[in-house]
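Colleague: using only what follows, build the 3D model:
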Amino acid sequence: MQQSNIQIPTFPRSAALALRVLPLLPISASLTAFSRRITKRSPGLFRRLGEYDRKRFILDPTDLPILLRLDANGGIPITTAHRKDPGDGDAKIAGSLAALLGLVHGAYDGDALFFSRDLVIEGDTAAALALRNAIDDAELDLAEEIAAFSGPLARPVRRLAALAQRITGVALMRPEEAMSW
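Modeller: Prediction:
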């Protein structure tokens, strides 16, 4: 894992501005479908949450004008986008989008991000830790999940993700996968 002492990229302001006007309902529906597809491909992900499998997690990519609420919902996740903190989360995890994606993909050490304050956790820290451990154990690769969803376009999607990762410095896939493309 890379350490957090490197410069973590931020989401481009121009792209973030576009998120201010996009309707949240289709974003939420897409994110819910995506999170459920991930659950089907990695069924242990939400089982690993144990007693926290009914918790609500607020994910705050601080360089974006939206927040995400992940309702674990007993393994049938619901993910919704919000312009303001919905206020009903059990745990809130905040950091730049690149830091959050890097944490998911194993590119950054979660403890290093936390102690450098690149990642802020509020509320039920035990639930947040359970989510982190479940994600670590699942070894998620979001670019691969999107590629698998893309059917015959999977190979170009993987290559596009690898190119975008090289250009932006944002971990869009697990480090071992990035090296193979």
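
Colleague: what about residue 60, which SS state?
Modeller: Following DSSP: H, G, I helix; E, B strand; the rest coil, residue 60 is assigned to strand.

Colleague: correction: the previous question concerned residue 121.
Modeller: Using three-state DSSP, the secondary structure recorded for residue 121 is strand.

Colleague: what about it, how many residues nearby?
Modeller: When neighbours are counted by other CB atoms under 10 Å, residue 121 registers 19. C-beta coordinates here come from the backbone N, C-alpha and C atoms, glycine included.

Colleague: and for residue 82?
Modeller: With other CB under 10 Å as criterion, residue 82 counts 16.

Colleague: any idea how far residue 7 is from the closest residue in space to it that isn't next to it in sequence?
Modeller: Once flanking residues are discounted, residue 82 sits nearest to residue 67: 4.9 Å by CB to CB, 6 or more residues apart in numbering. Using CB to CB, to the nearest Å, residue 67 is found at 24 Å from residue 7.

Colleague: when those two are compared, which one has more neighbours?
Modeller: Comparing residue 67 with residue 7 by other CB under 10 Å, the one with more neighbours is residue 67, at 20 against 8.

Colleague: contacts only, for the more buried one.
Modeller: The contact partners of residue 67, taken as CB atoms under 8 Å, 6 or more residues apart in numbering, are 58-61, 81-86.

Colleague: hmm, try it at 7 Å
Modeller: 58-60, 82, 85 (CB atoms under 7 Å, 6 or more residues apart in numbering).

Colleague: for residue 38, same thing?
Modeller: 45, 140, 145.

Colleague: hmm, 10 Å instead?
Modeller: Residue 38 makes contact with 45-46, 77, 135, 138, 140, 142, 145, 148-149 under the criterion CB atoms under 10 Å, 6 or more residues apart in numbering.

Colleague: which residue ranges make up each domain of this structure?
Modeller: The chain breaks down into these domains under automatic domain parsing: 13-139, 141-181.

Colleague: fine by me, thanks again.
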